[in-house]
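Chemist: 3D, please:
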Amino acid sequence: MLGLALLPAARGSRRPEYGGTLRVELRAASVSLDPREWKAGAMESATDEKMGALVFDRLVALDNYGRFQPQLAAEWSHDAGFKRWVFTLRPDVKFSDGTLLSAADVATALQPSLPNGQQITASGNSVVVQSAAAMPDLLEELASGRFFVYRVQLDGSLMGTGPFFVSETAGGGRGPSSSTIAAGDSNLAASSPGVNKMTHLRFRANEETWSGRPFLDAIEVTLGVPPLRQLLDLQLGKADLVELSPELVRRAMQDNQRVWSSAPVTFYGLRFDDAQPAGAAAKLRKAMSLSLDRQTMANVLLQKQAEPASALLPQWLSGYAFLFTMETNIDRAKEIRATLPANMAAGADPLRLRVNAPGDLAKLLGERVAVNARQAAILVQVVNRPATRSANNAATASSDPATGMHLFSWHYSSLSPKVELESMVSTLNFGDSAEAAASSADPEQLYAREKKLLEERRVLPLVALPEYIGLSQNVRDWMPARWGEWHLADVWLDLPEPSPAQPGNSNATATPAAQPATASPGAKP
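Modeler: Numbering: from 1, shown residues only. Take a look at the predicted model:
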């Protein structure tokens, strides 16, 4: 199921066509186009990254065959110890305003995103990344996550070299004055996360992009659209690309909608907190682990649209996740519970589970965890928290009672297993930071590191979910990466010619600038 396109048979082969507007609907109420603001692991940052890829480029990219491909870097090399990397930039790359990209631009943009100890400097038409420690996975780092190249403008907005640029916002203005676009926020300033009013964001094709003009004239994004509304708009032909929540996937497929699924990219787990004595008790953590029925969570609660998780990193990223197992044994959980004080996680002092992850799905998982725990005589009280853009890292209010567990979500963003694991450990604070500093990208050592974390049971995996996308029949050459990265610059729209009697179809009419004869040099054939 995972990583495959669940699509009807394609129509007859046709040459790609220029023109048209791709209509995209997203659940997120706001979007940030500033990689410096993105929070590691946050669901919101997954949306930010997809939108950022329209505007910005990276030095390198990874294709679906596991091969690194040049982007802004035309070539690269490293020393024998992987401690010094040199990236030679592609010549004559321009930002969307027509100004040339420089090595200094690249160094300035990437330095804030590099881990401590890694330094990047400009040298002629190249950039050099250097570290005292080996960086064998540097290409994986630079090909994913927040490692986009941009230039900061005088007004604080960011300029990119990507295939599109932001041309219109909710208020109809041209050229964003801020990097955060929120639903119901026409001036693009940071707004309240509680705003639910839908708004639009429009991207236009960048004629100056080094990779050649994209086929689409524009991409129109609507923010803050509820899941059911997205599916209805797809069915009614009001949207071309929508996000499908897991509970609506089967319904969409029964309606013969085109549905694509990625590899598992979103992880749900439990993190224990020593603030409550029950959460600090190693035996209780073990009993909790044995009580969890992950198969039922994935197959019944999530209607087989998820996988039971036994590791922190998915198999497609680490290569060793299959070596881990998570046992469910209620009888053994009861035995361990019986050896603990009777008043622990019971009666007037239940084990409090705070649901930090946003969305109804997280609340359902929290309730299922409580049901499983009750079967092992462990009383769990679920405390839901309103979702915010930084829900995973939100601090507990001083008036809140102590919490022993947190249900969190984590969106995988890095293609480096080491970077992803240590980012999760440091952000969620369930491991030894000293070990993180000394950790290696070697698979055997990385496996040992994750094995130790799981054996400590400070964090318990629950389930891992793919991303599901619904597509209209006219979307062609939809070829995203299996880890969820979209490639909308390659997409084109297969639409009938407009009737003379019915002009004005924005999806069917190409502007003169969109015709192949007037496309910029290097345009796609």
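
Chemist: for the stretch 51-200 of the chain, which spans come out with low pLDDT?
Modeler: 169-198 (pLDDT under 70).

Chemist: what about the helices in it?
Modeler: For the stretch 51-200 of the chain, the helices defined by DSSP state H, counting those that start in this stretch occupy 103-110, 138-142.

Chemist: buried sites along the helix or strand where residue 419 lies?
Modeler: Residue 419 belongs to helix 417-428 when assigned by DSSP states H and E. Neighbour-count burial for helix 417-428 flags 417-425, 427-428 (criterion: 16 or more other C-beta atoms under 10 Å). Every C-beta, even on glycine, is put in place using the N, C-alpha and C of the backbone.

Chemist: now those in JSON lines, with pLDDT and distance to residue 57?
Modeler: JSON lines is the format used below for these (pLDDT from 0 to 100; distance: C-beta to C-beta, whole Å):
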{"residue": "417", "pLDDT": "96", "distance to residue 57": "24"}
{"residue": "418", "pLDDT": "95", "distance to residue 57": "24"}
{"residue": "419", "pLDDT": "94", "distance to residue 57": "20"}
{"residue": "420", "pLDDT": "96", "distance to residue 57": "22"}
{"residue": "421", "pLDDT": "96", "distance to residue 57": "27"}
{"residue": "422", "pLDDT": "93", "distance to residue 57": "26"}
{"residue": "423", "pLDDT": "94", "distance to residue 57": "22"}
{"residue": "424", "pLDDT": "95", "distance to residue 57": "27"}
{"residue": "425", "pLDDT": "94", "distance to residue 57": "30"}
{"residue": "427", "pLDDT": "92", "distance to residue 57": "26"}
{"residue": "428", "pLDDT": "91", "distance to residue 57": "30"}
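
Chemist: so which elements touch whichever helix in the chain runs longest?
Modeler: Assignment by DSSP state H gives helix 360-375 as the longest helix of the chain. Helices and strands touching helix 360-375, by 3 or more C-beta pairs under 8 Å, 6 or more residues apart in numbering; DSSP states H and E, are strand 266-272, helix 282-291, strand 351-355, strand 380-384, strand 405-411, strand 459-465.

Chemist: about what we covered before: just name the most buried of the helices of the stretch 51-200 of the chain.
Modeler: helix 138-142 (a mean of 24; mean count of other C-beta atoms under 10 Å).

Chemist: who touches that one?
Modeler: Residues outside helix 138-142 that contact it (C-beta atoms under 8 Å, 6 or more residues apart in numbering): 58-60, 62, 68, 76, 78, 82, 85, 110, 129, 135, 147, 414-416, 419.

Chemist: got a PyMOL select line for the buried ones in those residues?
Modeler: To isolate the buried members of the contacts of helix 138-142 in PyMOL, using 16+ other C-beta under 10 Å:
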select buried, resi 58+59+60+62+68+76+78+85+110+129+135+147+414+415+416+419
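
Chemist: mind checking which of the contacts of helix 138-142 land in strands?
Modeler: Among the contacts of helix 138-142, DSSP state E puts 60, 62, 68, 76, 78, 85, 129 in strands.

Chemist: any idea which of the residues you listed is the one closest to residue 312?
Modeler: Distances from residue 312 to the ones in strands among the contacts of helix 138-142, taken as C-beta to C-beta, are shortest for residue 62 (21.2 Å).

Chemist: so the closest one touches residue 416, yeah?
Modeler: No: Residue 62 is beyond contact range of residue 416, at 10.6 Å (criterion: C-beta atoms under 8 Å).

Chemist: got any residues that touch both of these two?
Modeler: With C-beta under 8 Å, 6+ apart as the test, residue 62 and residue 416 both reach 140, 144.

Chemist: where in the stretch 351-500 of the chain is pLDDT low?
Modeler: 385-399, 433-439, 497-500.

Chemist: now distance to residue 348 too, for the helices of the stretch 51-200 of the chain, in JSON lines please.
Modeler: Shown next, in JSON lines, are the helices of the stretch 51-200 of the chain (distance: least, C-beta to C-beta, whole Å):
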{"stretch": "helix 103-110", "distance to residue 348": "53"}
{"stretch": "helix 138-142", "distance to residue 348": "49"}
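
Chemist: which stretch among these comes nearest residue 260?
Modeler: Closest among the helices of the stretch 51-200 of the chain, using C-beta to C-beta: helix 138-142, at 23.7 Å.

Chemist: which stretches of the stretch 201-350 of the chain form strands?
Modeler: Counting by DSSP state E, counting those that start in this stretch, one finds strands in the stretch 201-350 of the chain at the ranges 218-223, 241-244, 258-261, 266-272, 307-308.

Chemist: could you dump the helices and strands packed on helix 360-375 into TSV and include mean neighbour count and distance to residue 245?
Modeler: As requested, those are exported to TSV (neighbours: other C-beta atoms under 10 Å; distance: least, C-beta to C-beta, whole Å):
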stretch	mean neighbour count	distance to residue 245
strand 266-272	23	11
helix 282-291	21	27
strand 351-355	24	17
strand 380-384	18	18
strand 405-411	24	13
strand 459-465	24	10
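
Chemist: just put the ones you listed in TSV and tack on distance to residue 332.
Modeler: Formatted as TSV, these follow (distance: least, C-beta to C-beta, whole Å):
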stretch	distance to residue 332
strand 266-272	18
helix 282-291	5
strand 351-355	18
strand 380-384	18
strand 405-411	20
strand 459-465	15
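
Chemist: how far does stretch 299-308 stretch from one end to the other?
Modeler: Taking C-alpha to C-alpha, to the nearest Å, stretch 299-308 runs 9 Å from one end to the other.

Chemist: touching that stretch from outside, list them.
Modeler: 2, 246-247, 249-250, 264, 294-295, 297-298, 326, 361, 364-365, 368, 462-466, 468.

Chemist: got the buried residues for that stretch?
Modeler: 299, 301-302, 305-308.

Chemist: now, among the residues you listed, which is nearest to residue 199?
Modeler: Nearest to residue 199 among the buried residues of stretch 299-308, with distances taken as C-beta to C-beta, is residue 305, at 29.0 Å.

Chemist: distance of residue 63 from residue 485?
Modeler: 11 Å (C-beta to C-beta, to the nearest Å).

Chemist: and those two? Which one has more around it.
Modeler: Using other C-beta atoms under 10 Å, the more surrounded residue of residue 63 and residue 485 is residue 485, with 20 against 12.

Chemist: residues touching the more buried one, list them.
Modeler: 49-50, 53, 144.

Chemist: is it correct that it falls within a helix?
Modeler: No: counting by DSSP: H, G, I helix; E, B strand; the rest coil, residue 485 is not found in a helix; it is coil.

Chemist: and the gap between it and residue 17?
Modeler: For residue 485, the distance to residue 17 - C-beta to C-beta - is 24 Å.

Chemist: and residue 137, by the same measure?
Modeler: Residue 137 is 40 Å from residue 17, by C-beta to C-beta.

Chemist: just residue 418 next, same as before
Modeler: Relative to residue 17, residue 418 is positioned 43 Å away (C-beta to C-beta).

Chemist: repeat for residue 235
Modeler: 24 Å.

Chemist: would TSV of the strands of the stretch 201-350 of the chain with distance to residue 446 and mean pLDDT be doable?
Modeler: TSV is the format used below for the strands of the stretch 201-350 of the chain (distance: least, C-beta to C-beta, whole Å; pLDDT from 0 to 100):
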stretch	distance to residue 446	mean pLDDT
strand 218-223	37	96
strand 241-244	31	97
strand 258-261	27	96
strand 266-272	16	97
strand 307-308	21	96
